[in-house]
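[1] Give me the fold of what follows.
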Amino acid sequence: MNNVSQEKIILTMTQEQKQDLYELNLISQYYIKEIRNQIIKINELIACGKKENIKNEFDKFHFLFARASEKIKQCYIFLNDLYEQNEQEKEQKNEKKLNENDVPNSYLE
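    Have a look, this model is predicted:
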């Protein structure tokens, strides 16, 4: 899916679909921000030599990473489904045009 196709898909989205995608995107951004913060915490603990706390922070990191991956995957699936729907609609319109332009055999005889 290229950028032009993405833009066309977004133009054809309903307001509800845009809202759903917006919310998924916001949630994904939140988790990405929290992952960055978690990496900073882990680096600080390593620098300070506080090894006893690192495991807990890594557990939090893995949780955040899994959640972010899940939300990003949902965004991809959402956009991919819209893309496929858009492509199917395009094919149906093309088939309809072809059928309308078909000359019946009786006219050819």
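[2] quick check: mean pLDDT across stretch 81-89?
    Across stretch 81-89, the average pLDDT comes to 85.
[3] repeat for stretch 94-102
    Mean predicted confidence for stretch 94-102 is 76.
[4] Can you give the distance of it from its chain's centre?
    Using C-alpha atoms, centre = their mean, to the nearest Å, the mean C-alpha position of stretch 94-102 is found 34 Å from that of the whole chain.
[5] Please apply the same query to stretch 34-46.
    That offset, for stretch 34-46, works out to 26 Å (C-alpha atoms, centre = their mean).
[6] And stretch 9-26, by the same measure?
    With C-alpha atoms, centre = their mean, you get 10 Å for stretch 9-26.
[7] Okay, buried residues for that stretch please.
    Residues 9, 13, 17, 21, 24 are the ones in stretch 9-26 that count as buried (16 or more other C-beta atoms under 10 Å). To be clear about C-beta, it is placed using only N, CA and C from the backbone, and glycine gets the same treatment.
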